[in-house]
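*Asks:* How does the following fold in three dimensions:
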Amino acid sequence: QVQLVQSGGGSVQSGGSLTLSCTTSGFSCVAWFRQAPGKEREGVASIDFLGNTEYVDSVKGRFTISQDSAKSTLFLQMNTLKPEDTAMYYCAARGQCLSLSSDDYSTWGQGTQVTVSS
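*Replies:* So this is what the prediction gives:
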């Protein structure tokens, strides 16, 4: 069974930075999602096998998604973090390339908490 293992996350003050990692076992067309308490899971960023990316408007210019050349690890570099970025973050694979819809992905990481204080 394919498993995506996440690392990173934690607590940071507003304006700070964090990096999330996720082992992707060679999968391309992968993505990051987040879910805040009481809210639906939201697509944050996605990347395809060519390195093309898509971002939700609220993180454009602040977050960067990347994947190493072997497609073994997915990253999300998060800069200028805001309290509204506080959520559980999930990586996802086996999806439709560049989609930001959770319905389009079938394999998920375990989640990692990101908390941004004001």
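*Asks:* and residue 10, what are its phi and psi?
*Replies:* Dihedral pair for residue 10: phi 130, psi -160, per degrees, to the nearest 10.
*Asks:* For it, give me its contacts.
*Replies:* Each residue near residue 10 by C-beta atoms under 8 Å, 6 or more residues apart in numbering is listed here: 18, 113, 114, 115. Using the backbone N, CA and C atoms, a C-beta is placed for each residue, glycine as well.
*Asks:* So which bits of the lengthiest strand in the chain are buried?
*Replies:* For the chain, the longest strand by residue count, based on DSSP state E, is strand 87-95. Buried residues in strand 87-95, defined by neighbour count with 16 or more other C-beta atoms under 10 Å: 87, 88, 89, 90, 91, 92, 93, 95.
*Asks:* for those, which one is nearest residue 44?
*Replies:* Relative to residue 44, the closest of the buried residues of strand 87-95 is residue 89; by C-beta to C-beta it sits at 7.4 Å.
*Asks:* pretty sure the closest one contacts residue 36?
*Replies:* No. Contact criterion C-beta atoms under 8 Å: residue 89 and residue 36 do not qualify, at 10.2 Å.
*Asks:* Ramachandran angles for the residue most central in space within the chain?
*Replies:* Central residue of the chain (C-alpha atoms, centre = their mean): residue 32, 2.4 Å from the mean position. Backbone torsions for residue 32, taken as degrees, to the nearest 10, come to phi -120, psi 140.
*Asks:* Identify the bridge partners of it.
*Replies:* In this entry, residue 32 is beta-bridged to residue 45, residue 91, by DSSP bridges.
*Asks:* That one reaches residue 91, doesn't it?
*Replies:* Yes. The pair residue 32 / residue 91 is scored as a contact, 5.7 Å apart, by C-beta under 8 Å.
*Asks:* anything in contact with each of those two?
*Replies:* Common contacts of residue 32 and residue 91 (C-beta under 8 Å, 6+ apart): 20, 22, 74, 76.
*Asks:* Contact partners for the third one?
*Replies:* Applying C-beta under 8 Å, 6+ apart, one finds that residue 74 lies in contact with 21, 22, 23, 24, 30, 32, 47, 65, 66, 67, 91.
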